[in-house]
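**Q** show me the folded form of this:
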Amino acid sequence: MAIATTSQFRKLSVLMPVYNEHYTIESIVARVLSAPLPEGLALEIIIVDDCSTDGTEQILQQIAQDHAQQVVLRHHSVNKGKGAAIRTAVGLVTGDICVIQDADLEYDPRDYQRLLAPLLSGDADVVYGSRFASGEYRRVLFFWHSVMNRFLTTLSNITTDLNLTDMETCYKAVKTSILKSTPIRSDRFGIEPELTAKFAKRNCRIFEVPISYAGRTYDEGKKITWWDGVLAIFTIFHFWIVDDIYNERYGHNILHSLSKTHRFNAWMADTVRPWVGDRVLEIGSGLGNLTSKMVPRASYVASDIDPLYLDYLSNRFANDPRIDVQKLDLEDTTDFGELGECFDTVICLNVLEHVPDRDQALRNMYDALEPGGHAIILVPQGQWLFGSLDRVLDHVMRYSRGELSRACKASGFEIEKLLSFNRIGVLPWFLNGRIFRKKQFDKLQLKIFDSLVWLWRIVDRLIPFPGLSVICIARKPLPPDEDTASSAN
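**A** Here you go, the predicted model:
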């Protein structure tokens, strides 16, 4: 049965690394081009020739010429490996979904529909095609090769807490937004456990579907060796320990590191909770660190502008009917058009410092609140602390108490309270951002800091200088008649 695409997905990008596949390359490209796809889904094939020496390059040039509208071809001047070829291909992708396709004939493109179904239905972010689940057919081959595959999958599952049946499969279908933002460090076949570890750490919704498999022998050109299996073991443990899950240019690694400071996040939540009502709009929810500590509420809208965060939030709160995840640009009045006076609380923590048009952002928050509702706004404090960490996080500026207060008043708010928060964090931020000019938080520092939050809560109010952040509790005034009646009561 044909599967229709959703409005979200318009093009499939097939990523094909190639090395010395003179006898199979024409056949596999033809199979991909003729593979049945869901209705409305366009196709592009991105082929990366990894310095073939058997005449494959000439065949690929002819293929690219014959199918110029669908085939993109790149060449490596030296042989680097499958992972390096995929890395090159990802940089050329224009589709919404990516599927990795080997250039031999082991994997059948007729399985694409099955592979894509969980993605198109909105259930999955990543889909693995399992050779060990029940497919239509599977060629019987090497026993020890199968044992090694299962061993590596089990080891990977132990470190990722997944229950995959085939981690080493070539067929991985992934949302492009996820794949483009994931750094690929492995040059060879280590790409399989590397991607699996990173998808797991990013809390991607991973599905498996059975696929057909016509494996080939080493005499027929199979290239993976026992040594690649040994390297895969090291790769599994390496990416179990190392949290290298976002490309640096996306700047999400810092937020991922901060998401693990559970005690600090609880401290921040406890500080603002007294002003949080029942109908809440959270601006810039990120990875949902605060969101998880503020529910349950009568209604809760977790919003962000970043598609990676929106995917993450949708995954994390998919089974919680109290939380609605929405794309919301704090500066865009059209995004707030249907939200007028819908909430009694707007939470905006560590967002306003990113916004060039601060005044419009504050007006949008004001309009979203019902009269008497509260806006809880936290921003970094002290422009003198502005350094490398602020630049990585794309901060426009750091605020003073007076500047934040004046901006809120200019938008119509009344200021109920200004709080200085996290005084103890000033020195670490100054050292890391201004002196050492770091672009990432030291994990040991964060762990020590978070483990001592119980102490920071006690001593924070005793420290005489302003905190790393300032919190403004701003109130949308009641109409004059209601305000008078409220005061009389």
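
**Q** which of the residues in stretch 156-167 are buried?
**A** 156-157, 159-160, 162, 164-167 (16 or more other C-beta atoms under 10 Å). No exception for glycine: its C-beta is placed from N, CA and C like everyone else's.

**Q** in CSV, list those along with secondary structure and pLDDT.
**A** Rendered in CSV, the data for these read as follows (DSSP: H, G, I helix; E, B strand; the rest coil; pLDDT from 0 to 100):
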residue, secondary structure, pLDDT
Ser156, helix, 95
Asn157, helix, 95
Thr159, helix, 95
Thr160, helix, 94
Leu162, coil, 95
Leu164, coil, 95
Thr165, coil, 93
Asp166, coil, 93
Met167, coil, 94
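
**Q** strands of the protein, start to end?
**A** For the chain, the strands defined by DSSP state E occupy 11-18, 42-49, 71-75, 97-100, 126-130, 172-175, 206-210, 279-283, 299-304, 323-327, 343-349, 369-380, 414-421, 469-475.

**Q** domain-wise, how is this structure divided?
**A** Using automatic domain parsing, the domain ranges for the chain come out as 11-245, 253-488.

**Q** to Phe430, which of the strands of the chain lies closest?
**A** Ranking those by proximity to Phe430 (C-beta to C-beta) places strand 369-380 first, at 12.1 Å.

**Q** let me know the average pLDDT across the closest one.
**A** Averaged over strand 369-380, pLDDT sits at 97.

**Q** before we move on, what about stretch 415-424?
**A** 96.

**Q** ok, stretch 34-46 next?
**A** 95.

**Q** can you check stretch 66-77 too?
**A** 96.

**Q** ok, and what's touching that stretch?
**A** 29, 33, 43-51, 57, 60-61, 63-64, 84-85, 88-89, 92 (C-beta atoms under 8 Å, 6 or more residues apart in numbering).

**Q** next one: stretch 29-46
**A** Here stretch 29-46 has contacts from 2-5, 9-16, 47, 63, 67, 70-72, 74, 89, 92-95, 101, 105, 108-110, 112-113, 116, 120, using C-beta under 8 Å, 6+ apart.

**Q** quick check: buried residues in that stretch?
**A** Applying 16+ other C-beta under 10 Å to stretch 29-46 flags 29, 31-32, 35, 37-38, 41-46 as buried.

**Q** just flag the most distant two among the residues you listed.
**A** Val29 and Pro38 (20.3 Å).

**Q** any idea how far Ser177 is from the nearest residue to Phe430 once chain neighbours are set aside?
**A** Spatial nearest neighbour of Phe430, excluding adjacent residues (C-beta to C-beta, 6 or more residues apart in numbering): Leu385 at 5.8 Å. Distance, Leu385 to Ser177, using C-beta to C-beta, to the nearest Å: 32 Å.

**Q** run a quick neighbour tally on the closest residue to Gly467 other than its chain neighbours.
**A** Leaving aside its sequence neighbours, Gly467 sits nearest to Ser420 (C-beta to C-beta, 6+ apart; 3.9 Å). By the criterion of other C-beta atoms under 10 Å, Ser420 has 17 neighbours.

**Q** in contact with Ser420, which residues?
**A** By C-beta under 8 Å, 6+ apart, the neighbours of Ser420 are 381, 401, 466-467, 469-471.

**Q** now Gly284, what are its backbone angles?
**A** For Gly284, the backbone dihedrals are phi 70, psi 60 (criterion: degrees, to the nearest 10).

**Q** residues in contact with stretch 454-463?
**A** By C-beta under 8 Å, 6+ apart, the list of residues contacting stretch 454-463 reads 263, 267, 421-424, 449, 467.

**Q** which one of the residues you listed has the most neighbours?
**A** The contacts of stretch 454-463, ranked by neighbours (other C-beta under 10 Å): first place Asn422, 25 neighbours.

**Q** can you pull out the low-pLDDT segments for this protein?
**A** Where the chain drops to pLDDT under 70, the residues are 1-7, 134-145, 215-224, 248-253, 481-489.

**Q** so for it, the centremost residue is which one?
**A** The centre of the chain sits closest to Leu308, judged by C-alpha atoms, centre = their mean, with a distance of 3.9 Å.

**Q** isn't it right up against Ser181?
**A** Yes: with contact defined as C-beta atoms under 8 Å, Leu308 counts as touching Ser181 (5.6 Å).

**Q** picking that back up, can you list the contacts of Ser420 in CSV and add distance to Thr345?
**A** Formatted as CSV, the contacts of Ser420 follow (distance: C-beta to C-beta, whole Å):
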residue, distance to Thr345
Gln381, 22
Arg401, 22
Pro466, 25
Gly467, 22
Ser469, 19
Val470, 19
Ile471, 14
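
**Q** out of those residues, who's nearest Ala214?
**A** Using C-beta to C-beta, the contacts of Ser420 come closest to Ala214 at Ser469, 58.7 Å.

**Q** not counting its neighbours along the chain, what's nearest the closest one?
**A** In space, Ser469 is closest to Phe421, 4.5 Å off (C-beta to C-beta, 6+ apart).

**Q** do Lys172 as well
**A** Lys172 sits nearest to Ile100 (C-beta to C-beta, 6+ apart), 5.2 Å away.

**Q** show me what contacts that neighbour?
**A** 15-17, 86, 170-172.

**Q** can you pick the most crowded of these?
**A** Counting by other C-beta under 10 Å, top hit in the contacts of Ile100: Pro17 with 27 neighbours.

**Q** quick one on the thing from earlier: ok, the contacts of stretch 454-463 vs Phe441, which is closest?
**A** Looking across the contacts of stretch 454-463 and measuring by C-beta to C-beta, the closest to Phe441 is Phe449, at 9.1 Å.

**Q** I'd say that closest one and Lys260 touch.
**A** No: under the criterion of C-beta under 8 Å, Phe449 makes no contact with Lys260, lying 11.1 Å away.
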